[in-house]
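# Using only what follows, build the 3D model:
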Amino acid sequence: MKYKLEEAAPLPGAAGGAALDDPGFSAAVIGWQKEHGRHVLPWQNTRDAYLIWLSEIMLQQTQVAAVLGYYARFLTRFPTLRDLAAAPVEDVMAQWSGLGYYTRARNLHKCAQRVVAEYDGVFPSDPALLAELPGIGRSTAAAISAFSSGTRAAIMDGNVKRVFARVFGIATYPGEKKTEQAMWRRAEALLPLQGIESYTQGLMDLGATLCTRSSPSCERCPLQARCVAHATGRTKDLPVRKPKKASPEKHATMLVIVDAGQVLLEQRPDAGIWGGLLSLPELDGHTPADDGHVAAADHAALTLAVGRHGTLESHERLSTITHVFTHYKLHIAPYRVTLSRRLHAAAEAGHVWYDQARLADAPLPAPIKKLLLELLGDGAAAQARMF
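Numbers count the residues shown, from 1 in each chain. Next up is the predicted model:
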């Protein structure tokens, strides 16, 4: 039997179905958070909107454990919002390198500049105004406003969707527009009159530490008594997963052109995969590959591509690297190239000769940085592992 949103088990005070508002729900979350929730994360116990905003953006689609180191290093480099706004975007991308979802970093920089220009460096407290800034959606705006200003606003991130789907027995995919809108209505109705900070943090903590996707700790959950999924033995089934689509496979031939202690890099377009980062020059971009096999590059094509930067002396095919994105799998065939003569400057816009000794700090995609550090020197690789 499937439980639709309005067919969840009746909550206290509800007649003939689930009431959207339920003060006992928020009270249970707040009480649990104060006693058992997380209280010592570096972005907690502050009203500084800059610190809170930075953490919320980094935590989008990324777990706390992965964020902690980046957060500390980022604040060392950009201790204030104005420092971030004034920095070159290349520096921002370099600090973000390896954290993934690079659009977040570009939007972070744009947002800092907007707040400085339009709000004199002070984040607005109104969630509606926050949501208009680059990289800040409705849920993130509510979280920033709740933690920095105590604003009574509802959040709806992945953790909250999972908690709601299980507690209220929502058996449709949370990403569907109709389901998501219904969840938002419920989230707004459940907001407490007091303690919005503990309530908001509590929802996040429940989803992150107890109501996890696999092996949830139902016996310790303060919402167990009202949870439809627990009562019906459906915690493994809820929330409903997104319908799977076959993940396409693509391949790319990349050139590792090394000369005089430098490697040739090109800047990728702002839009698309690895947007705004430096990477290796490619022959044909990311092209479809049905079987994951990357054919050997044509010698004439290699000679032509390398000829823009110097005279090809030799080339060596390296081991294929496979990197999985959220929407496709990429097989990379790298070629190490040596030159008999190099042009004095990079011949094409967007290309740069980059010192090998600086690669550990370069704004490179994680798999490309790993390849270059392993290929071009153990010393640089050891430095990168520190990060």
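# Low-confidence ranges, the stretch 251-387 of the chain, go.
290-295, 344-347, 377-387 (pLDDT under 70).
# Need phi/psi at H351.
Per-residue torsions, H351: phi -110, psi 150 (degrees, to the nearest 10).
# residue boundaries of the strands in this protein?
According to DSSP state E, the chain carries its strands in the segments 249-259, 262-267, 278-279, 287-288, 310-317, 321-324, 329-342, 351-355.
# Look up how far V89 lies from the nearest residue to V92 once chain neighbours are set aside.
Nearest non-adjacent residue to V92, counting by CB to CB, 6 or more residues apart in numbering: H109, 4.7 Å away. Just so you know, the C-beta spots here come from the backbone N, C-alpha and C atoms, and that holds for glycine as well. To V89, H109 is 5 Å away according to CB to CB, to the nearest Å.
# Next, count neighbours for the closest residue to R185 other than its chain neighbours.
Leaving aside its chain neighbours, R185 sits nearest to L20 (6.3 Å; criterion: CB to CB, 6+ apart). If you count neighbours by other CB atoms under 10 Å, L20 ends up with 17.
# my read: L20 touches L191, true?
No: in this structure L20 lies outside contact range of L191 using CB atoms under 8 Å: 10.9 Å.
# Look at the residue nearest to V92 and report its pLDDT.
Looking at H109, its pLDDT is 98.
# ditto for A15
pLDDT, read off for A15, is 29.
# re earlier: of all the strands of the chain, which one comes closest to Y102?
strand 278-279 (11.2 Å; CB to CB).
# For that closest one, name the packing helices and strands.
Here strand 278-279 touches strand 262-267, going by 3 or more CB pairs under 8 Å, 6 or more residues apart in numbering; DSSP states H and E.
# Quick one: list the elements packing against the strand it packs on.
When contacts are defined as 3+ CB pairs under 8 Å, 6+ apart, strand 262-267 sits against strand 249-259, strand 278-279, strand 351-355.
# In this protein, which helix is the longest?
helix 103-119 (DSSP state H).
# contacts for it?
Residues from elsewhere that reach helix 103-119 (CB atoms under 8 Å, 6 or more residues apart in numbering): 53-54, 57-58, 60, 81-82, 84-85, 87, 89, 92-93, 95-96, 99, 121-123, 133-136, 270, 275-276.
# Which members of those occur in helices, if any?
Using DSSP H to define helices, the subset of the contacts of helix 103-119 located there is 53-54, 57-58, 81-82, 84-85, 89, 92-93, 95-96.
# about what we covered before: of the contacts of helix 103-119, grab the buried ones for ChimeraX.
Buried residues within these, by 16 or more other CB atoms under 10 Å, are selected in ChimeraX with:
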select :53,54,57,58,60,81,84,85,87,89,92,93,95,96,99,123,133,134,135,136,275,276
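# before we move on, the earlier item: how many residues are close by the residue nearest to V92?
Neighbours around H109, by other CB under 10 Å: 24.
# what about it, distance to K369?
In this view, H109 and K369 are 20 Å apart by CB to CB.
# show me the contacts for Q44.
Per CB under 8 Å, 6+ apart, neighbours of Q44: R38, Q201.
# swap in A187?
Applying CB under 8 Å, 6+ apart, we find A187 in contact with A154, I155, M156, V160, F164.
# hang on, isn't the first one packed against A142?
Yes: taking contact to mean CB under 8 Å, the distance of 5.8 Å between A154 and A142 places them in contact.
# From A171, how far off is P239?
Counting by CB to CB, the gap from P239 to A171 is 9 Å.
# To clarify, my last question referred to H230.
In terms of CB to CB, H230 sits 14 Å off from A171.
# Indicate which one of the strands of the chain is closest to Y199.
strand 321-324 (36.2 Å).
# The closest one: partners in the sheet, and parallel or antiparallel?
Here strand 321-324 is paired, per DSSP bridges, with strand 329-342 (antiparallel).
# May I see the buried residues of the partner strand?
L330, H331, I332, A333, P334, Y335, R336, V337, L339, R342.
# and L190, backbone torsions?
Main-chain torsions, L190, degrees, to the nearest 10: phi -90, psi -10.
# Neighbours of it, how many?
Look at L190: counted by other CB under 10 Å, it has 20 neighbours.
# Surely it touches S26?
Yes: between L190 and S26 there is a contact at 5.8 Å, judged by CB under 8 Å.
# Kind regards, and thank you for your time.
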